[in-house]
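Enquirer: Everything below, folded, please.
(2 chains)
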Amino acid sequence: MKRQVPLFITFFVGTLLILSVFIPPMENLGENFTLFFDIIAVFAFFLGGGNLLRVHFKKLSKKKRDWQYSIVTICGFFFMLAAGLFKIGNPGDIASSVTAEGSLFQTIYTNMFVPLGSTMYALLGFFVASASYRAFRAKNREATILLIAAFIILLGRTPFGTMLTVWIPDSMSIAQIPNLAIWIMNSFNLAGQRAILIGIGLGVVSMSLRLILGVERTYLGDDSA
Amino acid sequence: MKKASWVIMALVTVVFVVSWIAKSSSYNGETDNYIAQGFLVTFAAFLTLSIMSFLYKDNPFYKFAEHLFVGISAAFWMCMGFWSTIVGNLIPRLSSSLSEWFKVPYIESDYNIAFYVPVVLGILLLMRLSSKRGWLSRWPLAFIVGTTAGLNFIRYLRSDFIKQISATLVPLVVDWQGVGHFFSTFSLSASGQFVAIVTNWVVFLGVFCGLIYFFFSKEHTGAFGRASRVGIWVLMITFGASFGYTVMGRISLLVGRITFLFKDWLEIIG
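Expert: Predicted coordinates:
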């Protein structure tokens, strides 16, 4: 029950979805299963929320290190959850969108979620810059090529790059930095991405087969669970 | 807490209150709830600066913002999933009374008893929280894995394999009208014939050499090794270009936050 049933479910569902591509009456099976997948994913969000609460309540009750911040997480969680589930402050009735303008959910999203999320990602810019300073020193041929390509792309997306090479005549416009950046994206970058994508495609196909045939079982975890 | 920490905390509180009052008074007359508006802009600025303070070192303000973000984002995705998928896609297919309650259109022809399956599997997934019945959560997990494997098998074979190979097999001589025409109209224009021909050669040879680099069943020596070396260079240019794009994306986000601080909060720039 613990291992055989899950293995059978994976085999049955995977095989059915592959067969549905070749059998026209089963065509909409893929669409329905994608919806099933989305519905289970929502339950996974609930599981994630439940687990988050469990972890932070445990931290709070045992007064572990930095337990005070767990209060912030729990309060933020319930505040957002109440605003979203009960549609507090929504201008319309229950039928109106949860993200309607003026609702508490939208207000929290705009004034907390967006500033926090975008600043977190913006912060990565600093770390990328600091890491690249250390990694991008032209130590060998490969590192130099990477450095030059990155520099041209960065320069090509700025007004300064346009300004630098604006004097180059149209008959040699490929040498203008913005055009050169576009050309690199459409030639070398495309070729590299394609080689990687073909590799990924083959990898995903072989991994899918391993999962469907039950060769790959690590997702089941160990039997002690 | 050290005395210095209390001083910093008090200073931040004073700055926050002053900013709140100043922002509220600047919104006075523009909007009815100017006090709440002033608080929201000040709080957003506080959160932005709290996250940025991590550049100095890990500190209580960063930890506060980080923990708040974790709590809010978990609830955000739960609410979005509930309203868009459960209420939007599941209930109209299962129950007319619930559809009426949530005021979503119930279409009788869409009724499908099979949609009880993901509900049961979803409930089984929640068993993960139980220590005794945790193993039951493997069933929905197996369904997710099976669906992903089945769908991706065909999808990736089509989009990442067959389509990519077919897009690589392009004419290596573009718009050819003879040698005379080629040399008489020769230019290095970005939209010219010569650049188009070079682009197709680069794409074809680049993909070929890139794939050779990823082929590990043969030793990379001789002509094979040289092709593999070219493959590395192509991949290096790709990584450089991707890096450039990523940095630009991050910088534009940073510009957005700096604009918020200087325009919406401090009102220094117009």
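Enquirer: wait, isn't B:Asp110 in contact with B:Arg93?
Expert: Yes. Contact criterion C-beta atoms under 8 Å: B:Asp110 and B:Arg93 qualify, at 5.1 Å. Glycine gets a C-beta too; all of them are placed from N, C-alpha and C.
Enquirer: Looking at these two, which is more packed in?
Expert: B:Arg93 (19 against 12; other C-beta atoms under 10 Å in any protein chain shown).
Enquirer: now that one: how far from chain A?
Expert: 9 Å (C-beta to the nearest C-beta, to the nearest Å).
Enquirer: Quick one: check the helix or strand of chain A with the lowest mean pLDDT for contact with chain B.
Expert: None of the helices or strands of chain A scores lower by mean pLDDT, DSSP states H and E than helix A:114-135, at a mean of 86. Yes. Judged by C-beta under 8 Å from any C-beta of the partner chain, helix A:114-135 comes into contact with chain B at A:115-126, A:128-129, A:132.
Enquirer: leaving aside the residues next to it on the chain, what's closest to B:Leu169?
Expert: Distances taken as C-beta to C-beta, 6 or more residues apart in numbering or on different chains put B:Phe204 closest to B:Leu169, at 7.7 Å, once the chain neighbours are dropped.
Enquirer: So which bits of the helix or strand where the one you found lies are buried?
Expert: Following DSSP states H and E, one finds B:Phe204 within helix B:193-214. By neighbour count with 16 or more other C-beta atoms under 10 Å in any protein chain shown, helix B:193-214 contains the buried residues B:193, B:195-213.
Enquirer: So which elements touch it?
Expert: helix A:177-186, helix A:188-212, helix B:163-168, helix B:222-259 (3 or more C-beta pairs under 8 Å, 6 or more residues apart in numbering or on different chains; DSSP states H and E).
Enquirer: what angle sits between it and helix A:177-186?
Expert: 40 degrees (axes from the mean of the first three to the mean of the last three C-alpha atoms, to 10 degrees).
Enquirer: roughly how far out does helix B:193-214 sit from the chain middle?
Expert: 29 Å (C-alpha atoms, centre = their mean, to the nearest Å).
Enquirer: So what touches that helix?
Expert: The set of residues external to helix B:193-214 that reach it, using C-beta atoms under 8 Å, 6 or more residues apart in numbering or on different chains, is A:174, A:183, A:186-188, A:190-192, A:194-196, A:198-199, B:164, B:168-175, B:182, B:185-189, B:220, B:224, B:227-228, B:230-232, B:234-235.
Enquirer: same deal with stretch B:52-68?
Expert: Around stretch B:52-68, the neighbours that count as contacts under C-beta under 8 Å, 6+ apart are A:66, A:69-70, A:72-73, A:76, A:112, A:116, A:119, A:123, A:126, B:5, B:9, B:12, B:47, B:49-51, B:257.
Enquirer: tell me how far the ends of that stretch are from each other?
Expert: This stretch, stretch B:52-68, spans 15 Å end to end (C-alpha to C-alpha, to the nearest Å).
Enquirer: What sits closest to the residue nearest the centre of chain A if chain neighbours are left out?
Expert: For chain A, the residue nearest the mean C-alpha position is A:Tyr121 (12.5 Å; C-alpha atoms, centre = their mean). Among residues not flanking A:Tyr121 along the chain, B:Leu253 sits closest, at 5.2 Å (C-beta to C-beta, 6+ apart).
Enquirer: That neighbour is in contact with A:Val128, isn't it?
Expert: No. The pair B:Leu253 and A:Val128 does not pass the contact test of C-beta under 8 Å, sitting 11.7 Å apart.
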